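A.B. asks: Generate a structure from the sequence data that follows.
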Amino acid sequence: MKSILAILILSAAPVLAGATLSPRNSSPGDIGSESLVRVYATSQAFDFFRPWAKKPSVMHRGLGPVVENGQVLVTAELVANHTYVELEKSGTAEKTPATVVAVDYDSNLALLQPTDPEFLSSVPALRLDSGARVGDQAMILQLESNGRIAETLATISTITITRYPLDHLGLLTYRLSTPLENRDGSFTMPAVRKGRLLGLLMRYDTRTQTANLIPAPVIQHFLEDAKGKSDPGFPRAGVAFSPTRDPQFRRYIKLKKDGGVYVTHVSPGAAADRAGLRKGDIILALNDQPIDQDGNFEDPEFGKISFSHLISTRSHLGDTLTFKIQRDGIEKSLPVTLDADASPASVSASHIFDTQPRYFILGGLVFQELSRPYLQEWGARWKEEAPQRLVYLDAYQEELPPDTGKVVFLSQVLPSPDTLGFGNVSPGVVKSVNGVTIKSLDDIARAVATPVDGFHKITFEEDPGFIMLDAAAAESGRDRLMQEYGIPAAENLKSP
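C.D. replies: Numbering: from 1, shown residues only. As a prediction, this is how the structure comes out:
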């Protein structure tokens with residue numbers, strides 16, 4: 001699987017002359033370098049093509065700011081699938097192990113706690129800078145191999161809502177213009193302004209020389225969750241919409257007011273769905289904040305920005321927002337209590353970190369549940385290279401029937417005497433096993449307990465339609481199969 005860390009695209013080419021120089025009136029004390037520690041994370045991800053095994057371990061390093069309670073803030077991608085994390089003081093090279101005490105992969109943030117409670121007792125916390133505006137300048141910080149702070153001047157060019165690395169949730173993002181050079185392989189880089197933390201680097205594009213930051217307001221939300229002030233996570237409403245700029249469309253939907261957006265989809269079971277919002281409704285305002293024709297509202301800090309900011313960052317799980325809508329020409333208000341996920345029973349998981357993927361092996365047939373990480377094993381072009389039926393089911397899962405459950409498929413066939421002639425079957429989506437409809441791997445485990453006339457009948461959505469597997473032969477050959485392929489267990493049915 002292509003690591004999520006690869007999203008950070010950093011140039012090894014020489015930086016433009018003078019680009020990493022600080023303003024003449026600044027100094028390391030001004031930028032908060034005394035509040036930074038080096039972070040080393042050793043990670044070992046599972047192999048989704050061989051779900052019983054792990055890939056080789058890798059080590060990544062980053063630069064983490066110390067925040068409240070002597071904890072260190074880093075991107076979640078730095079510690080994904082971690083096996084060991086270590087902190088190092090940038091000035092003294094003192095080291096200590098650390099544990100991950102909070103992580104949110106949707107917002108790409110994690111908090112580390114040193115195992116030695118005194119390790120960071122003398123290190124000042126770096127306060128957040130939530131007052132940034134377009135045009136403000138900041139410094140992106142890295143550590144040289146000799147421990148010195150490397151500074152790169154950056155300018156905030158845009159404040160907007162973008163998809164975060166998992167492509168699962170849109171959150172507030174600061175976009176900075178900067179000619180950035182990668183120093184010492186850093187994957188987490190803080191940006192500071194006037195001695196405060198502006199955000200953490202999330203992406204850098206060498207072609208456009210633009211950096212996307214996880215900004216202070218998103219970090220503040222994450223830190224409040226970590227303190228237990230609310231349930232952890234960023235809310236969703238489960239609504240998709242389209243603009244209403246077309247005057248003919250506005251006349252068609254009888255929309256006489258200036259603003260408003262047209263609801264094109266409501267995720268089944270999501271917060272908006274439970275509140276009664278429907279496809280075809282027109283959202284006019286959110287908590288008395290008028291929504292314009294493009295879905296923006298006038299934020300007192302950032303100006304015009306998508307109303308999803310009111311839902312995802314300015315609200316917490318369990319908060320209730322009032323949607324003012326128009327339906328059939330009549331205005332009404334709907335209270336919507338926000339959820340962590342618009343599709344809690346997702347057909348295809350968007351991410352699986354820090355846990356082994358589920359699988360079930362029967363007579364050399366390897367069954368798995370569809371997930372985005374499995375598809376991403378095909379590399380950067382996985383949408384073109386992975387099995388197209390599975391790509392389609394992942395992309396359009398919200399359009400599937402509500403009772404679809406998980407998509408269980410035959411991911412591979414291990415050559416053995418029991419699987420002769422099955423080489424062209426995978427990957428096939430499983431419909432039933434021994435007459436039992438399959439909506440999860442647990443259903444397969446239950447179904448194989450009752451063979452039909454000594455055989456397991458496995459039916460698929462595609463050709464060849466079905467296959468028959470000798471139940472007694474599959475059972476008697478299990479230990480030999482496990483030994484030959486070095487598989488420690490024939491199944492993993494633990495929930496993520």
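A.B. asks: Do a quick rundown of the helices in the stretch 101-250 of the chain.
C.D. replies: 216-226, 247-252 (DSSP state H, counting those that start in this stretch).
A.B. asks: Between the two ends of stretch 281-290, how far is it?
C.D. replies: From its first residue to its last, stretch 281-290 covers 15 Å (C-alpha to C-alpha, to the nearest Å).
A.B. asks: Check stretch 106-119 too.
C.D. replies: 29 Å.
A.B. asks: Report the buried residues of it.
C.D. replies: Across stretch 106-119, burial judged by 16 or more other C-beta atoms under 10 Å covers 106-114, 119. C-betas here are computed from N, CA, C, even on glycine.
A.B. asks: Between those residues, which sits nearest residue 207?
C.D. replies: Nearest to residue 207 among those is residue 108, at 21.9 Å by C-beta to C-beta.
A.B. asks: Tell me the spacing between the closest one and residue 375.
C.D. replies: 20 Å (C-beta to C-beta, to the nearest Å).
A.B. asks: With distance to residue 259 and pLDDT as new columns, can the buried residues of stretch 106-119 be given to me in CSV?
C.D. replies: Formatted as CSV, the buried residues of stretch 106-119 follow (distance: C-beta to C-beta, whole Å; pLDDT from 0 to 100):
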residue, distance to residue 259, pLDDT
106, 29, 89
107, 29, 92
108, 32, 93
109, 33, 95
110, 38, 96
111, 39, 96
112, 44, 97
113, 46, 96
114, 50, 96
119, 53, 93
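A.B. asks: one step back: how about the helices of the stretch 101-250 of the chain in CSV, adding mean pLDDT?
C.D. replies: Shown next, in CSV, are the helices of the stretch 101-250 of the chain (pLDDT from 0 to 100):
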stretch, mean pLDDT
helix 216-226, 94
helix 247-252, 92
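A.B. asks: can you put the ones you listed in TSV and add mean neighbour count and distance to residue 299?
C.D. replies: Putting the helices of the stretch 101-250 of the chain into TSV (neighbours: other C-beta atoms under 10 Å; distance: least, C-beta to C-beta, whole Å) gives the following:
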stretch	mean neighbour count	distance to residue 299
helix 216-226	21	10
helix 247-252	11	25
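A.B. asks: Just put those helices in TSV and tack on distance to residue 360.
C.D. replies: As requested, these are arranged in TSV below (distance: least, C-beta to C-beta, whole Å):
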stretch	distance to residue 360
helix 216-226	35
helix 247-252	49
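A.B. asks: out of these, nearest to residue 68?
C.D. replies: Of all the helices of the stretch 101-250 of the chain, helix 216-226 sits nearest to residue 68, with 7.0 Å by C-beta to C-beta.
A.B. asks: Pick the one among the buried residues of stretch 106-119 closest to residue 328.
C.D. replies: residue 106 (35.4 Å).
A.B. asks: Phi and psi next, for the nearest residue in space to that closest one that is not next to it in sequence.
C.D. replies: Closest residue to residue 106 apart from its sequence neighbours, by C-beta to C-beta, 6 or more residues apart in numbering: residue 169 at 4.6 Å. Main-chain dihedrals, residue 169, degrees, to the nearest 10: phi -150, psi 130.
A.B. asks: Let me know how buried residue 169 is, in neighbour terms.
C.D. replies: Using other C-beta atoms under 10 Å, residue 169 has 22 other residues around it.
A.B. asks: can you tell me which residues contact it?
C.D. replies: 106-107, 163, 234, 236, 312 (C-beta atoms under 8 Å, 6 or more residues apart in numbering).
A.B. asks: Let's see which of the residues you listed end up in strands.
C.D. replies: Mapping the contacts of residue 169 onto strands (DSSP state E) picks out residue 163.
A.B. asks: which one of the contacts of residue 169 is nearest residue 397?
C.D. replies: Proximity of the contacts of residue 169 to residue 397 was ranked by C-beta to C-beta; the top entry is residue 236 with 15.0 Å.
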